[in-house]
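> prediction below, plus the sequence it came from.
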Number of protein chains: 2
Amino acid sequence: MNAPEPVDTLIEPRWIVPVRPANVVLEGHAIAIDGGRIRAVLPAADAACAFRSRAVVRLPEHAVIPGLVNAHTHASMALLRGVGDDMPLQRWLTERIWPLERELVGEEFVAHGARLAAVEMLRAGVTTCSDMYFYPDVVARTLTAVGMRAVVGINAIEFPTAYAADADDYLRRGLQARDALRDEPLVSFTLAPHAPYTVSDATLARVATLAEELDLPVHIHVHETAHEVEESVRLHGVRPLHRLARFGLLSERLIAVHSVHLDDREIDELARASASVVHCPVSNLKLASGIARLPALLDAGVNVALGTDGAASNNRLDMLDEARFAALLAKAVAGEASALPAAAALECATLNGARALGLADRIGSIEAGKEADLVAVELASPEVAPLFDPVSHLLYASGREHVTDVWVAGRHVVQARQLASDDENAQVRAALASAAAWQNKCRRLLRK
Amino acid sequence: MNAPEPVDTLIEPRWIVPVRPANVVLEGHAIAIDGGRIRAVLPAADAACAFRSRAVVRLPEHAVIPGLVNAHTHASMALLRGVGDDMPLQRWLTERIWPLERELVGEEFVAHGARLAAVEMLRAGVTTCSDMYFYPDVVARTLTAVGMRAVVGINAIEFPTAYAADADDYLRRGLQARDALRDEPLVSFTLAPHAPYTVSDATLARVATLAEELDLPVHIHVHETAHEVEESVRLHGVRPLHRLARFGLLSERLIAVHSVHLDDREIDELARASASVVHCPVSNLKLASGIARLPALLDAGVNVALGTDGAASNNRLDMLDEARFAALLAKAVAGEASALPAAAALECATLNGARALGLADRIGSIEAGKEADLVAVELASPEVAPLFDPVSHLLYASGREHVTDVWVAGRHVVQARQLASDDENAQVRAALASAAAWQNKCRRLLRK
C-alpha cells in the first residue's frame, strides 16, 4: 500500500455536482486540491487513505458545484445600479447612462465599480467573469485583487472617451494591457468590439485579424433588439450577424452576447460555426429587448453561456438567479415544462461559459486536472426542505444567500459567507463607502 | 401642549414605502402602533413629542413596506417541493403530485406542510396568504399559530379524498371550518372551487349562491393553460370564464387565479366586472403554461394581485421574487422598459392582494387605522449599493434574505431574521424534521 500523498486541501461536502460527467450527483465524495488544481474526486473513505491533507473542509449540508462563470458583464457599472429603472431604453441611455459615464468614467470609477462588483460576485459564487468596459487593465487588476478570475475585453468603439481617442486607440491600449498582464495566471483576454452598430467595418476587419493573430475570442453585443437588426438592414443591407460574417467573425471564436432576435437560419449558422451565445435573460427582460430562443439554440447545438450584463440593467450580478431565469423562461418559450432542466441550466452557468471563453480545459467542471474553482451552497434551511434532488434546489429554491464558501484556483476566497481576505470587513466597507461617494456625484450631475 | 399619547410600538426606519399614498417614499418618518393597528405615520421628530412608546424599534438602514400578500398558494404542498421538476405537466401530475397526494394527504400532512410554508413565508415578509387546499381549518390554525394572517378556501372538487366525499361534502366541511374559526381575528375565508374543469355546473351554482349569502370572494384557478380553454369550448361550448359568467361568478367577488390565456374581450369583461386576477408568474413559467398579459390587464384597470402558487410548482414561497418576475416579464411582454415599474409591482404584491381578498380596509398599505402588517428590509450590503431609490432596490436588487423584521397585526413575529416565537429554533427544527420524514415517505411511495 502506498503512503498517502500530501495535498493542500480536502473538501468533503454532502453532495458534489461536478457538471462533468453530466447528470451526476456524487454523495459521500471528496475533492482533493493541490497546487490550485483538482487532484482527484473520489469517495470520501478512499480519500482518507489516499491523501494526507493540510486542511480538511467538512461541509455536511452543502452541495459543491463548479465556480459560476458570468460570461458577460460590465463590472464597473455596479456604481450605476438602479440609477434609472423602468425608463424607456432610449431615455435610459441618453438621459442617464451615457451622460453619467461621460462625466464619471476614469481609472478611479472603473476600479471602485469593479471592486464593488467583485465583492458581490464572489459572495454569490461567481468565480469568473468576462468583462467589457473601459480600462480593462484596471478591471483585471481589481477583480483579481479581490480574488476572482478575470477575462477582460480589449474593447473598441467609434467614439472618444477619457480612456481612448478612437477605435485604433482603444485596441492599442487594450493590447498594451494584455502585454502588461501576460504573467497573471487569473487573467485572460477577449477582443471586445462593442456592437455592430457602434463599430465600423474597418474596426471589425482589424478585430478579425487580431483575433486570428492572437488566438482570442471575440466578445460582442449582437442582435440585442429588433431595432438594431432593422437598422443594420437599412444601413448595411444585411442583418448584424451576416455583417460580422463578412469579416470572418462568424466562427468558433464568436461570443454573441444577447442574440435575442435570431431567425432559424441564423441559429443554424451559429451552430455550424461552433460559435457561442451568451444569454442575459434578466437584462433582456428589464430593457424590454425580448426573450431569446433558448430551446431552439440548444436544440441546434449552440453553446449557450449565461451573463448578468451590467448591474445598471439587471440589477444583480447573480448567476444562480440568471440560471433560474434561463430555465424558467425556456420552459415558457418551448411550451414544455421539461425544456432546459436544472442540470442543463447549471451547465450553461458553468462549463458553457468556460467553453465560450476558451477556458474549458481549465475551469467549468469539477474534474481532476482542472483548476479548483468551487462553490459550496448550504442546503439546510426551511426554504430548501424537503430535498429530493440537490440540483433542483440549486436552480429553483436556493439563492446566492446560501453560498457559504468559494475557492478560486484552490484559494479559499470566501469562508462562512465572508471574503477571506477581508480583515474586519475593510474591503466591504471600502466598497460601500466609495459607492456612497459616487452615488452623491451621480445625484449632483443628474440635478444639473 | 397635549401630554404624549401612550402607544405600544414606535418603528423608526430609514425609509417607509407606504404604497398609499402611491409613489411616495418617506424618509425620517416613524410608524406608531397601538392595539395592533397603525396609529399614525409621521415625521420621527413629531413622533417623539406626540407619543410615549413602550418599545422603540430603530431600523437605520431599512425600508419598511406593507406586509406582502401571497394571493394564491397551496401552503401544505411545501412538502412536495422539488419532487418532480422539469417534467411535462401531465406526467408531473399523474406520476408525482396526484399519487403522492392520494397516499399522503391527511390532517398531519396538511399541518406539517402549512407549518413549513409559514416559516418560509414569514421569514420572507409574507404576512398574509390565501390558501386553497384540503383541511382549511387545519391550515388556518397552523398558519396563525406560526404568526401569519390566513385566508383559507372553503374548497370544492368533484373527486373524493380522505378529507371529503364529494363536492357537497367539501363545501359542508369548509362551512363548518368557517363557523369554528369565526372568532379568530387573523382568519378569513374564500369559497375555493378548484377550477372550471374539475367542478360541475351544479357545484358552480351552489358556490355562486353561497358567495352571495355569505359575502365571500370566489377563489378559483381559471384560464391557466391553453388546453383548459380548448377543452371547455369542446365540452361546454364556451371558454371557462364565460362558463363562470353563466352562474353570475364573473363579478367583483371573482379571484381569477392564473388568467394566462385571455383574449381582449375577456380582459375587458374582467375589468368591467371589477374582478381580480392573481398572477403567478413563476409557476406559469415552470409548468410552461405561458406568460399572462399583465400590461393589458393593468391598462384595462383590472386589479392584479400576485401569488406564488404551491412550492411544488415554483419552488419558492417568495413574494419579493414574484413581484420582480412580474415586473420584468411585463416589460418584455409590453416591449417597453417602463411597463410595470417597481412601485406598481410592489402595489400588486401588497394592496392589490388585500383588495382581491376583501381586506383592503384592514391591510395592504401603511396608513393610519389599518392593522400593522409590516416588513423591514435591510438595504445595507454591497448587493444594494449604491442606492438611488429604495423602491427600485426592493424590487430589482434585494431579496427575501434582506428581510429582518416582520409585524402581523402589531405583533413582532420576526426579529433579526428569526421567528420571535421560536425559542432556540424549535419551530424551524421541527419543520425541518417533519419535512425529512415526509421526504422519506414520498421516496418510498415513488419507488413502489
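Perfect, thanks for sending it. On a predicted model such as this, the values are computed, not experimentally measured, just so you know.

> so where do the strands sit in the stretch 201-350 of chain A?
Along the stretch 201-350 of chain A, the stretches classed as strands by DSSP state E, counting those that start in this stretch are A:218-222, A:254-258, A:276-279, A:303-306.

> most tightly packed of these?
Ranked by mean neighbour count under mean count of other CB atoms under 10 Å in any protein chain shown, those are led by strand A:276-279, which reaches a mean of 30. All C-beta spots, glycine's among them, are computed from the backbone N, C-alpha and C.

> ok so residue A:361 is a strand residue?
No - using DSSP: H, G, I helix; E, B strand; the rest coil, the assignment for residue A:361 is coil, not a strand.

> the strands of the stretch 201-350 of chain A into CSV, with extra columns for distance to residue A:350?
Converted to CSV, the strands of the stretch 201-350 of chain A look like this (distance: least, CB to CB, whole Å):
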stretch, distance to residue A:350
strand A:218-222, 18
strand A:254-258, 16
strand A:276-279, 13
strand A:303-306, 9
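
> any chance of these in a markdown table, with mean pLDDT too?
As requested, the strands of the stretch 201-350 of chain A are arranged in a markdown table below (pLDDT from 0 to 100):
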| stretch | mean pLDDT |
| --- | --- |
| strand A:218-222 | 98 |
| strand A:254-258 | 98 |
| strand A:276-279 | 98 |
| strand A:303-306 | 98 |
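
> next, format the ones you listed as CSV and append distance to chain B.
Shown next, in CSV, are the strands of the stretch 201-350 of chain A (distance: least, CB to the nearest CB, whole Å):
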stretch, distance to chain B
strand A:218-222, 17
strand A:254-258, 13
strand A:276-279, 14
strand A:303-306, 16
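
> so the residue most central in space within chain A versus residue A:286, what's the distance?
Closest residue to the average C-alpha location of chain A: residue A:70 at 1.1 Å, with CA atoms, centre = their mean. As defined by CB to CB, to the nearest Å, residue A:70 lies at a distance of 16 Å from residue A:286.

> on the three-state scheme, residue A:9 is what?
In three-state terms, and counting by three-state DSSP, residue A:9 is strand.

> which residues does it contact?
A:32, A:33, A:34, A:53, A:54, A:55, A:56, A:57, A:372, A:407, A:410, A:412 (CB atoms under 8 Å, 6 or more residues apart in numbering or on different chains).

> now the end-to-end length of stretch A:5-25.
Distance across stretch A:5-25, first residue to last, is 26 Å (CA to CA, to the nearest Å).

> what strands line up against the biggest strand by length in chain A, and which way round?
For chain A, the longest strand by residue count, based on DSSP state E, is strand A:51-66. Paired strands of strand A:51-66, with direction, are strand A:5-16 (parallel), strand A:374-378 (antiparallel) (DSSP bridges).

> reformat the ones you listed as a markdown table; add mean pLDDT.
Below are those laid out as a markdown table (pLDDT from 0 to 100):
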| stretch | mean pLDDT |
| --- | --- |
| strand A:5-16 | 98 |
| strand A:374-378 | 98 |
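
> okay, and the helix or strand of chain A with the least pLDDT?
Each helix and strand of chain A was given a mean pLDDT (mean pLDDT, DSSP states H and E); the minimum falls on helix A:89-91 at a mean of 82.

> that helix near chain B at all?
Yes - Helix A:89-91 reaches chain B (CB under 8 Å from any CB of the partner chain) through residue A:89.

> residue numbers of the stretch 201-350 of chain A in contact with chain B?
In this structure, the stretch 201-350 of chain A approaches chain B at residues A:282, A:284-291, A:311, A:314-316, A:318, A:327-329, A:331-332, A:334-342, judged by CB under 8 Å from any CB.

> which ChimeraX command selects the buried ones in the residues you listed?
Restricted to buried positions by 16 or more other CB atoms under 10 Å in any protein chain shown, the ChimeraX selection for those reads:
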select /A:282,284,285,286,287,288,289,290,291,311,314,315,316,318,327,328,329,331,332,334,337,338,339,340,341,342
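
> in helices only, show me the residues of the stretch 201-350 of chain A next to chain B.
Under the assignment DSSP state H, these contribute A:282, A:284, A:285, A:286, A:327, A:328, A:329, A:331, A:332, A:334, A:342 to helices.

> tell me the contacts of residue A:357?
Contact partners of residue A:357, counting by CB under 8 Å, 6+ apart, are A:69, A:71, A:128, A:130, A:151, A:188, A:190, A:217, A:255, A:305.

> ah, wrong one, I meant residue A:216
Taking CB under 8 Å, 6+ apart as the definition, contacts of residue A:216 comprise A:154, A:189, A:190, A:191, A:210, A:253, A:358.

> once you drop chain neighbours, what's closest to the last one?
Same thing as residue A:358. The shortest distance from residue A:358 to any non-neighbouring residue, by CB to CB, 6 or more residues apart in numbering or on different chains, is to residue A:217 (5.5 Å).

> pretty sure the one you found contacts residue A:190?
Yes - with contact defined as CB atoms under 8 Å, residue A:217 reaches residue A:190; the gap is 4.6 Å.

> need the residues touching each of these two.
A:255, A:357.

> picking that back up, do you know the pLDDT at the residue nearest to the centre of chain A?
Predicted confidence (pLDDT) for residue A:70: 98.

> who touches whichever helix in chain A runs longest?
Secondary structure assigned by DSSP H gives helix A:426-447 as the longest helix of chain A. For helix A:426-447, contacts defined as CB under 8 Å, 6+ apart pick out A:78-80, A:83, A:96, A:99-100, A:103-104, A:109, A:112-113, A:115-116, A:119, A:146, A:419, A:421-422, B:380-382, B:385-388.

> tell me which of the contacts of residue A:9 is nearest to residue B:170?
Nearest to residue B:170 among the contacts of residue A:9: residue A:57, at 52.6 Å, using CB to CB.

> give me the number of residues near the nearest residue to the closest one once chain neighbours are set aside?
Of all residues not flanking residue A:57 in the chain, residue A:11 sits nearest, at 4.8 Å (CB to CB, 6+ apart). Applying other CB atoms under 10 Å in any protein chain shown, we find 29 residues neighbouring residue A:11.

> ok, residue A:11 touching residue A:64?
Yes - taking CB under 8 Å as the definition, residue A:11 is a contact partner of residue A:64 at 6.3 Å.

> thought residue A:204 was touching residue A:249?
Yes - using CB under 8 Å, residue A:204 makes contact with residue A:249 at a distance of 6.6 Å.

> so for the two, which residue has more residues nearby?
Neighbours were counted for residue A:204 and for residue A:249 using other CB under 10 Å; residue A:249 has more, 25 against 22.

> hmm, residue A:209 and the more buried one touching each other?
No - here residue A:249 does not reach residue A:209: they are 10.6 Å apart, not a contact under CB under 8 Å.
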